[in-house]
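Chemist: predicted structure and sequence below. I'll ask about it afterward.
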Amino acid sequence: MQVSERVNNLAASATLAMSQKSAELKAQGVDVINLSVGEPDFPTPTHIKEAAKDAIDNNFTFYTPVAGYLSLRKAICEKLRRENGVEFAPEQIVVGNGAKQALCNVILATINPGDEVIIPTPAWVSYVEMVKLAEGKVVEIAAPIEQDFKITPAQLEAAITAKTRMVLLCSPSNPTGSVYTPDELQGLVNVLASHPEIIVMADEIYEHINFGAEICSLASFPELADRVVIINGVSKAYAMTGWRIGYCACPLPIAKAVNKLQGQYTSGASSIAQKAAEAAYTGSQECVETMRVAFERRRDLVVELAGQIPGLKVNKPQGAFYLFPEVSSFIGKSYDGKTIESSGDLALYLLSEAHVATVDGAAFCAPGYIRLSYATSDDNIREAMKRIADALAKLA
Ligand code: PMP
Ligand code: GLU
C-alpha cells in the first residue's frame with residue numbers, strides 16, 4: 001500500500017516515539033525512568049474535573065461551534081486581558097484540539113508553497129514538520145548553549161528575506177527552557193517593526209512555568225499589532241495534556257481562515273474538554289502556582305545533579321520543564337565495542353544501559369544535545385541522574 005508523498009516526507013514525532021518505546025520496555029518489566037515526553041506529572045485539578053462531569057450531566061454532548069463555545073472564547077479573552085494585558089475579541093480566538101492543532105491550523109492557513117518560516121533552533125519537534133506539510137520553507141537560526149539558546153536581533157535581521165512570511169518564537173522554550181526577557185523580546189520586535197508583512201507566531205504554552213523572568217506576551221508589543229498570533233492552551237499550565245484543548249488568538253482574517261479549515265477536517269473540539277478548560281480559566285489559579293513551584297524545585301535539583309556529571313554542559317533554564325545538555329564530549333567514545341557516533345546513539349545508549357528515556361537533540365534541529373524532561377518526581381530525577389552519571393562514566 002502506497003501512502004502519500006506528503007506523509008512519506010514527514011518525520012514521526014520523536015518525543016512521542018521515545019515515550020512509546022519507554023512504555024513498551026516498561027510493559028516488558030524493565031524499570032525505565034521516562035524523561036522523554038514533556039507533560040506535567042500531576043493529575044488535573046479537582047475543580048476542573050468536576051466541571052467536566054457537570055458538562056456531561058448537563059448534556060454538553062452535542063457538536064460544538066467550530067471555533068469553540070463562545071463562553072470559552074470569552075474566558076480566553078478575559079485571561080489574555082488579565083494575565084497578558086492584551087485585547088482580543090472572541091471572534092479572534094479559535095479553539096482546537098490542543099496547541100498542536102492550533103499551531104498547525106495557523107501554518108496551513110497562512111503559508112503558501114515556498115513561503116519562508118523562520119524558526120530559531122533548538123526548536124520543538126513539530127514546528128518544522130508542520131511547515132513541511134504546508135510546503136513552506138524552514139529557515140533555521142541556530143542559537144547554541146553559549147548564547148543560552150536565544151537568538152539575537154542581528155541573527156533575526158540576517159535571516160529575513162523577501163520571502164519571509166512568518167517568524168515562530170517559543171518562550172519559555174521547548175526543548176531548552178530558555179526564556180526571553182522583555183528587553184530581549186523588544187530587541188527582536190525592533191527588527192520586526194521594519195518588516196510589517198511578517199506574521200509573528202508566539203507559542204506561549206509554557207508561560208506559567210516560569211522561574212523568575214517576568215511573563216511577557218509578544219502580543220503586548222504595539223509594533224506587532226494586527227500580525228501577532230498567540231498560541232496557548234491548558235495542557236501545561238493546568239496539567240491537562242489528555243484533554244486536548246489549545247487555541248490561537250489572531251488577527252481576524254487569520255481566525256476566519258483557521259475556522260474554515262478546522263470546519264472541514266476536525267470540527268469544534270470536544271464539548272466536555274471545552275467546559276473543563278473554561279473552568280480552568282475562570283476558576284482559582286492557585287493550582288498553577290503550586291505546580292510552578294514544584295517545577296522550579298525540580299529545575300534546581302536537575303541542574304545541580306547534571307552539573308556534577310563530567311562532560312555534560314548545562315545552562316540554567318528559566319522556564320518550562322526541560323534541560324538540554326550539550327553532550328558532544330561523549331561522541332566518539334565507546335562501550336562494549338560499540339561507538340557512540342551521535343547524540344541519537346547516546347540517547348539509545350542511555351535507554352539500554354541506564355534505562356532512562358531521553359530525546360535526541362537532532363529531533364529539535366540540534367544534534368549534539370539531548371533533552372531531559374524533568375516533569376517527574378524528585379526521587380525519579382535523583383535516580384535518573386545517578387543512572388545517567390554511571391552510564392556516561394562507562395564510556396571510554
Ligand atoms: N508547543 C510546544 C512548545 C509544546 O511543547 C507542546 C507540547 N507538546 C505543544 C505546543 C502542544 O501542546 P498541546 O497540543 O498538548 O496543547
Ligand atoms: N510537548 C511535549 C514534548 O515535547 C509533548 C509531546 C509532543 O506533543 O511532542 O514532549
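Modeler: All right, it came through fine. Numbers count the residues shown, from 1 in each chain. Ligands and ions are numbered 1, 2, ... in the order given.
Chemist: drop to CA atoms for contacts and neighbour counts, all remaining ones
Modeler: Fine.
Chemist: wait, a strand at residue 104?
Modeler: No - secondary structure assignment places residue 104 outside any strand; it is helix (DSSP: H, G, I helix; E, B strand; the rest coil).
Chemist: what residues does the spatially closest residue to it that is not a sequence neighbour make contact with?
Modeler: For residue 104, the nearest residue in space outside its immediate sequence neighbours is residue 130; the separation is 5.8 Å by CA to CA, 6 or more residues apart in numbering. In this structure, residue 130 makes contact with 104, 107-108, judged by CA atoms under 8 Å, 6 or more residues apart in numbering.
Chemist: and which of the residues you listed is nearest residue 367?
Modeler: For these, the residue nearest residue 367 by CA to CA is residue 104; the value is 24.4 Å.
Chemist: the lowest-mean-pLDDT helix or strand in the chain vs ligand 2: in contact?
Modeler: In the chain, the helix or strand scored least confidently by mean pLDDT, DSSP states H and E is helix 14-27, which has a mean of 87. Yes - applying CA under 6 Å from any ligand atom, one finds helix 14-27 in contact with ligand 2 at 15-16.
Chemist: that helix - contacts with which helices or strands?
Modeler: Contact analysis of helix 14-27 by 3 or more CA pairs under 8 Å, 6 or more residues apart in numbering; DSSP states H and E lists strand 33-34, strand 356-357, strand 359-360 as its packing neighbours.
Chemist: spell out which parts of the chain neighbour ligand 1.
Modeler: 98-100, 124, 174, 205, 233, 235, 241, 244-246.
Chemist: returning to what we had before: in CSV, list the helices and strands packed on helix 14-27 along with mean pLDDT.
Modeler: As requested, the helices and strands packed on helix 14-27 are arranged in CSV below (pLDDT from 0 to 100):
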stretch, mean pLDDT
strand 33-34, 95
strand 356-357, 96
strand 359-360, 96
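Chemist: any idea how far residue 198 is from the residue nearest in space to the middle of the chain?
Modeler: Against the mean C-alpha coordinate of the chain, by CA atoms, centre = their mean, the closest residue is residue 174 at 4.7 Å. The spacing between residue 174 and residue 198, counted by CA to CA, to the nearest Å, is 23 Å.
Chemist: Provide a list of residues in contact with residue 55.
Modeler: Taking CA under 8 Å, 6+ apart as the criterion, residue 55 is in contact with 61, 271-272, 275.
Chemist: any idea how far it lies from ligand 1?
Modeler: As for residue 55, its distance to ligand 1 is 21 Å (criterion: CA to the nearest ligand atom, to the nearest Å).
Chemist: now swap in residue 316 and tell me
Modeler: Using CA to the nearest ligand atom, we find residue 316 at a distance of 18 Å from ligand 1.
Chemist: over to residue 2?
Modeler: In this structure, residue 2 and ligand 1 are 29 Å apart, going by CA to the nearest ligand atom.
Chemist: which stretches of the chain form helices?
Modeler: Taking DSSP state H as the test, the helices found in the chain are 5-8, 14-27, 46-57, 70-84, 98-110, 125-133, 153-159, 182-193, 252-265, 271-282, 286-307, 343-349, 378-393.
Chemist: by mean pLDDT, show me the worst of these.
Modeler: The stretch with the lowest mean pLDDT among the helices of the chain is helix 14-27, at a mean of 87.
Chemist: now do the same for residue 12: its pLDDT.
Modeler: According to the predicted model, the pLDDT of residue 12 comes to 85.
Chemist: neighbours around it, how many?
Modeler: When counting by other CA atoms under 10 Å, one arrives at 14 neighbours for residue 12.
Chemist: residue 389: neighbour count?
Modeler: By the criterion of other CA under 10 Å, residue 389 has 20 neighbours.
Chemist: how about it, nearest residue that isn't a chain neighbour?
Modeler: residue 309 (5.8 Å).
Chemist: my read: that neighbour touches residue 390, true?
Modeler: No - Residue 309 is beyond contact range of residue 390, at 9.2 Å (criterion: CA atoms under 8 Å).
Chemist: quick one: which of the contacts of residue 130 is most hemmed in?
Modeler: residue 107 (24 neighbours).
Chemist: on that earlier part again, tell me the buried residues in the least confident helix or strand of the chain?
Modeler: 14-15, 18-19, 21-23, 25 (16 or more other CA atoms under 10 Å).
Chemist: wait, residue 334 sits on residue 395?
Modeler: Yes - using CA under 8 Å, residue 334 makes contact with residue 395 at a distance of 5.4 Å.
Chemist: so what's the residue of the chain most remote from its centre scoring on pLDDT?
Modeler: What lies farthest from the middle of the chain is residue 337; by CA atoms, centre = their mean that is 37.0 Å. Here, the pLDDT recorded for residue 337 equals 91.
Chemist: how much space between it and residue 396?
Modeler: If you go by CA to CA, the gap between residue 337 and residue 396 works out to 10 Å.
Chemist: re earlier: between the buried residues of helix 14-27, which is nearest ligand 1?
Modeler: Distance to ligand 1 across those (CA to the nearest ligand atom) is lowest for residue 15, with 8.5 Å.
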